[in-house]
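Chemist: could you work out the structure for the sequence below:
(chains A and B)
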There are 2 protein chains.
Amino acid sequence: MSFKVVSSKVAASIDQELMGPVGFTLQQLMELAGLSVAEAVLQQYPVKSSKSQVLVISGPGNNGGDGLVCARHLKLFGYEPVVYYPKRSGREEFYGQLVKQLEFFDVPVLGQGEDNWLEYLEHENTLCVIDSMFGFSFHPPMRAPFDDILSKLKQFEKKVPIVAVDVPSGWDVDKGPIDNKAIQPDTLVSLTVPKPCAQFLKPEANHYVGGRFVPRHFAQKYGFEPFKYKSGDQILKL
Amino acid sequence: MSFKVVSSKVAASIDQELMGPVGFTLQQLMELAGLSVAEAVLQQYPVKSSKSQVLVISGPGNNGGDGLVCARHLKLFGYEPVVYYPKRSGREEFYGQLVKQLEFFDVPVLGQGEDNWLEYLEHENTLCVIDSMFGFSFHPPMRAPFDDILSKLKQFEKKVPIVAVDVPSGWDVDKGPIDNKAIQPDTLVSLTVPKPCAQFLKPEANHYVGGRFVPRHFAQKYGFEPFKYKSGDQILKL
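Modeler: Numbers count the residues shown, from 1 in each chain, chains lettered A, B, ... in the order given. Modelled structure (predicted):
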């Protein structure tokens, strides 16, 4: 293993400190995280001259919010993103605003029951599917409709590459895939610092780190060295 | 003139629509705007092997907030930014959080009466000074302490290049420099779309557009074509 990892517990502490004493807001961190996922997609699955579709599947929490932001940046980069957002959280008003922004950008946002999301998964112009369902605070069991969505992704994973945001959905954050039905992402974008599950990626997978928002002393406090991003890049391929 | 401009009135309408019906938050737009200014600095005044100081002078409003965000990204890019923020607005709690973030990044934030900001202006390691005092909603007269700050910048403008954020401070947004005491920036970073004053830059000035957050139909509604940013870039040199 050539990269440092932090456990799900440490990742939760990092998040709490960033949004507590450090004074970052969720909106700032999510904007930068979503932008970095979009840049990883751009580097790994460049825009084609034909229609470049990307399916983004968002869960109800912060990982889902990263996906919503990512979709907006992808549209600005020249992609045709489509978002499947089956379970909207009422908890956070800001997610509603992210959806509003997507509508303004003419990005389709499908809700639960809109089964045409599957057509996008199967469509030949779909370059990749972004798994932004669950992040480092996920605990089993996987509930509906995400259990079904994941088994559909699994069926198509040889045909449509999966880009996982921070943690592949359904995986144990610390121990990796829980069984042989777990999805195997083609690309992982770890946010701030990889979690232990990143060690269980398939050998040919692409691994990026994004979410460039902590200084050296903060990284070192949590036991890792800052990643050596180049100049103004928001992502680094590990 | 090879670029489209919009008047101060239209710029105000664009802002109101983005943060009203479109659903963007100030925090999101400021994060992206500040990031784009930092990227323009990186392209125009690259980090040197010696200490690369940048002085950021922030005003009390949104233009000042863009500067605060920019300073944080500059630090992540390898610069040693110093912020002079003489008149903090009590209006917007978020600005206090931006300052808190800078303290966390060990970026000095000088307040009114801390006259050592002048030492940074004069220091040989200072690569440029960022003018984020006032933006498109400024109306004369220029009040203290910004009148004095601007005359100091004017004295040093042949020695330390000025990077103006959106509108050079003290200029008329639509008509440009108001007299021969006005500063002449070396670089202007127009946000979303240039304002008419950009036509009055000195011929050798560098002009970037940043703040990549509007889709084609929105640009066209306001009478300009979207700028042709390359791939995932957040800035475009005009």
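Chemist: all helices of chain A, in order?
Modeler: Assigned by DSSP state H, the helices in chain A fall at A:8-19, A:26-44, A:62-77, A:93-104, A:117-122, A:146-156, A:216-221.
Chemist: the first one and chain B, are they touching?
Modeler: Read that as helix A:8-19. No: Helix A:8-19 does not reach chain B (CB under 8 Å from any CB of the partner chain); its nearest approach is 8.9 Å. C-beta: built from backbone N, CA, C; applies to glycine.
Chemist: can I get the helices of chain A in CSV with distance to B:G23, mean pLDDT and mean neighbour count?
Modeler: What follows is these, written out as CSV (distance: least, CB to CB, whole Å; pLDDT from 0 to 100; neighbours: other CB atoms under 10 Å in any protein chain shown):
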stretch, distance to B:G23, mean pLDDT, mean neighbour count
helix A:8-19, 21, 94, 17
helix A:26-44, 12, 97, 25
helix A:62-77, 11, 97, 26
helix A:93-104, 3, 94, 18
helix A:117-122, 23, 93, 17
helix A:146-156, 26, 96, 17
helix A:216-221, 31, 93, 14
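Chemist: can you list those in a markdown table and add distance to A:L191?
Modeler: Below are the helices of chain A laid out as a markdown table (distance: least, CB to CB, whole Å):
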| stretch | distance to A:L191 |
| --- | --- |
| helix A:8-19 | 9 |
| helix A:26-44 | 5 |
| helix A:62-77 | 7 |
| helix A:93-104 | 17 |
| helix A:117-122 | 24 |
| helix A:146-156 | 20 |
| helix A:216-221 | 13 |
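Chemist: what separation do you get for A:P203 and A:L236?
Modeler: 19 Å (CB to CB, to the nearest Å).
Chemist: more neighbours, these two?
Modeler: A:L236 (17 against 4; other CB atoms under 10 Å in any protein chain shown).
Chemist: OK, contacts around the more buried one?
Modeler: A:Y208, A:V209, A:G210, A:F227, A:K228, A:Y229, A:K230 (CB atoms under 8 Å, 6 or more residues apart in numbering or on different chains).
Chemist: local confidence estimate at the first one?
Modeler: Predicted confidence (pLDDT) at A:Y208: the value is 98.
Chemist: isn't it up against A:D186?
Modeler: No: A:Y208 lies out of contact with A:D186 (CB atoms under 8 Å); the separation is 11.7 Å.
Chemist: who's more crowded, the two?
Modeler: For A:Y208 and A:D186, the more surrounded residue by other CB under 10 Å is A:Y208, and the numbers stand at 24 against 21.
Chemist: now do the contacts for the closest residue to that one other than its chain neighbours.
Modeler: Nearest in space to A:Y208, with sequence neighbours left out and distances taken as CB to CB, 6 or more residues apart in numbering or on different chains, is A:A40 at 4.4 Å. By CB under 8 Å, 6+ apart, A:A40 lies in contact with A:V163, A:T187, A:V189, A:Y208, A:G210, A:I235.
Chemist: if we go to 10 Å?
Modeler: A:70, A:130, A:163, A:165, A:187-190, A:206-210, A:234-237, B:232 (CB atoms under 10 Å, 6 or more residues apart in numbering or on different chains).
Chemist: now, the residues you listed that are in strands?
Modeler: With strands defined by DSSP state E, the entries of the contacts of A:A40 inside them are A:130, A:163, A:165, A:187-190, A:206-210, A:235-237.
Chemist: so what sits against both of A:Y208 and A:D186?
Modeler: With CB under 10 Å, 6+ apart as the test, A:Y208 and A:D186 both reach A:Q44, A:V163.
Chemist: not counting sequence-adjacent ones, nearest residue to A:L32?
Modeler: A:F213 (5.7 Å).
Chemist: with A:E122 instead?
Modeler: A:F156 (7.1 Å).
Chemist: same thing with A:D131?
Modeler: Using CB to CB, 6+ apart, the closest residue to A:D131 is A:A164 (4.6 Å).
Chemist: per-residue pLDDT, the residue most central in space within chain A?
Modeler: With distances taken as CA atoms, centre = their mean, the residue of chain A nearest its centroid is A:V165 (2.1 Å). Note for A:V165: predicted pLDDT of 98.
Chemist: again, but for A:E92
Modeler: A:E92 is given a pLDDT of 71.
Chemist: distance check, it against chain B.
Modeler: 12 Å (CB to the nearest CB, to the nearest Å).
Chemist: residues contacting that residue?
Modeler: A:L26, A:P60, A:G61, A:N62, A:G65, A:L98.
Chemist: can you put those residues in JSON lines and add distance to B:S137?
Modeler: Converted to JSON lines, the contacts of A:E92 look like this (distance: CB to CB, whole Å):
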{"residue": "A:L26", "distance to B:S137": "27"}
{"residue": "A:P60", "distance to B:S137": "38"}
{"residue": "A:G61", "distance to B:S137": "37"}
{"residue": "A:N62", "distance to B:S137": "33"}
{"residue": "A:G65", "distance to B:S137": "30"}
{"residue": "A:L98", "distance to B:S137": "27"}
